[in-house]
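Participant: Pasting the sequence and the predicted model now:
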Amino acid sequence: MTLSRRKFLVKSSLSLAGTMFLSNQLFAAGNAVSPTVGIQLYSVRDDMKIDPLGTLKQLAAMGYKNVEHANYVDRKFYGYSAAEFKKVLDDLGLKMPSGHTVMDGTHWDATKKDFSDSWKETVEDAAICGQKYVISPWLDDSLRKTYSGLLGMLDVFNKSGELCKKSGMKFGYHNHDFEFKESLNGKKVYDIILAHTDPKLVIQQMDIGNMYGAGGRALDILKKHPGRFESMHVKDEIKITGKGEMGGGYESTILGKGILPVKQIVDLFKKSGGTTEFIIEQESYQGKTPLESSKEDLKVMKSWGYS
């Protein structure tokens, strides 16, 4: 996710599965839950801005079955109400298991001990669209200045999980790079997040590319936290001259063309990560169009046995 996308998402932001024990048993038994492949619509953000319906039609024609939104503004997805967008997806044979809407400090009223109407509406509209996960893809600097402040927000994450559970969903968190750069009380922020969120209520959606420039390595994290990652953003990365997408000198590219062992990662996360949702996201294109890149990425995933 780029800095511009962070701003985009912050603007946009104005019981399903059983226990982890059961999840681990399913995967130990040969991964009885079939994984699915989708695309994060931020990959084709400019196309979605110009012609959302036409873009979705092209993605469906490529063979995509799932999409993940990154645009929810004033109770609308890409200009459509929740019910309208659900019909658009249904008509194209698409599903939207998850979506990105930033949760910020204004969404929880500590005095009333309740969520804001806007966050309740976010969850309500996600349920109308058939989502399984309501995912926040950012954690503002102000919410992670201190250890106690971060723990307070993680408690809100768990409360959001309880709210989502009432509608048959889970709350989720999506990482960037700061979680692996920053530490509080001698612990990496990402380790704190994993330690203080309830896996029955809050899923972790691992972005294997965002973390790379900050030293985060998906396979190492999996060893420490097996079974914690129901969803993944599947990316490959190349080294570039300049800051790159996350400021670490890397940008995303066609799967299999970069330096990440992407197939090894997705295979191991399918086996022991608890991962059932694999979501392609590419934010830089090296001269190709976003739609051309999306088509190639899906072709690669299918060649690896994921569809």
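Facilitator: Everything's here; your move.
Participant: Give me the number of neighbouring residues for Leu41.
Facilitator: 26 (other C-beta atoms under 10 Å). C-beta coordinates here come from the backbone N, C-alpha and C atoms, glycine included.
Participant: how far away is it from Phe115?
Facilitator: Distance of Leu41 to Phe115, given as C-beta to C-beta, to the nearest Å: 25 Å.
Participant: What of Ala218?
Facilitator: Distance from Ala218 to Phe115, by C-beta to C-beta: 32 Å.
Participant: So for these two, which residue has more residues nearby?
Facilitator: Ala218 (23 against 19).
Participant: ok, for the more buried one, nearest residue in space, not its chain neighbours?
Facilitator: Ranked by C-beta to C-beta, 6 or more residues apart in numbering and with sequence neighbours excluded, the top spatial neighbour of Ala218 is Ile208, at 4.4 Å.
Participant: The one you found is in contact with Phe229, isn't it?
Facilitator: No - in this structure, Ile208 is not within contact of Phe229 by C-beta atoms under 8 Å, at 9.8 Å.
Participant: Tally up the residues packed near Asp220, please.
Facilitator: Neighbour number of Asp220 under other C-beta under 10 Å is 10.
Participant: Would you mind listing the outside residues contacting the helix or strand harbouring it?
Facilitator: Taking DSSP states H and E as the criterion, Asp220 maps to helix 218-224. Applying C-beta atoms under 8 Å, 6 or more residues apart in numbering, the contact partners of helix 218-224 are 190-191, 206, 208, 211, 229, 261, 264-265, 268-269, 272-273.
Participant: contacting residues around Ile208?
Facilitator: Ala218, Met232, His233, Val234, Lys235, Leu260, Val262, Ile265.
Participant: Would you agree the third one falls within a strand?
Facilitator: Yes - looking at His233 with DSSP: H, G, I helix; E, B strand; the rest coil, it is inside a strand.
Participant: Excluding chain neighbours, what is closest to it?
Facilitator: Using C-beta to C-beta, 6+ apart, the nearest residue to His233 is Asp207, at 4.0 Å.
Participant: Please report how far the one you found lies from Leu151.
Facilitator: For Asp207 relative to Leu151 (C-beta to C-beta), the value is 23 Å.
Participant: Of these two, which one has the most company?
Facilitator: Neighbour count, other C-beta under 10 Å: between Asp207 and Leu151, Asp207 has more, with 26 against 14.
Participant: Would you map the strands across the stretch 201-307 of the chain?
Facilitator: Remark: strands assigned in the stretch 201-307 of the chain by DSSP state E, counting those that start in this stretch are 202-207, 231-234, 236-239, 250-253, 277-280.
Participant: If you could redo that for the stretch 1-150 of the chain, that was the one I meant.
Facilitator: 36-40, 66-69, 72-73, 76-77, 80-81, 95-100, 108-109, 114-115, 133-136.
Participant: Output these as JSON lines; include the columns mean pLDDT.
Facilitator: Below are the strands of the stretch 1-150 of the chain laid out as JSON lines (pLDDT from 0 to 100):
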{"stretch": "strand 36-40", "mean pLDDT": "98"}
{"stretch": "strand 66-69", "mean pLDDT": "98"}
{"stretch": "strand 72-73", "mean pLDDT": "98"}
{"stretch": "strand 76-77", "mean pLDDT": "98"}
{"stretch": "strand 80-81", "mean pLDDT": "98"}
{"stretch": "strand 95-100", "mean pLDDT": "98"}
{"stretch": "strand 108-109", "mean pLDDT": "98"}
{"stretch": "strand 114-115", "mean pLDDT": "98"}
{"stretch": "strand 133-136", "mean pLDDT": "98"}
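Participant: Of those, which is nearest Met48?
Facilitator: strand 66-69 (9.0 Å; C-beta to C-beta).
Participant: Could you list every helix and strand that that closest one packs against?
Facilitator: strand 36-40, strand 95-100, strand 277-280 (3 or more C-beta pairs under 8 Å, 6 or more residues apart in numbering; DSSP states H and E).
Participant: No further questions, thank you.
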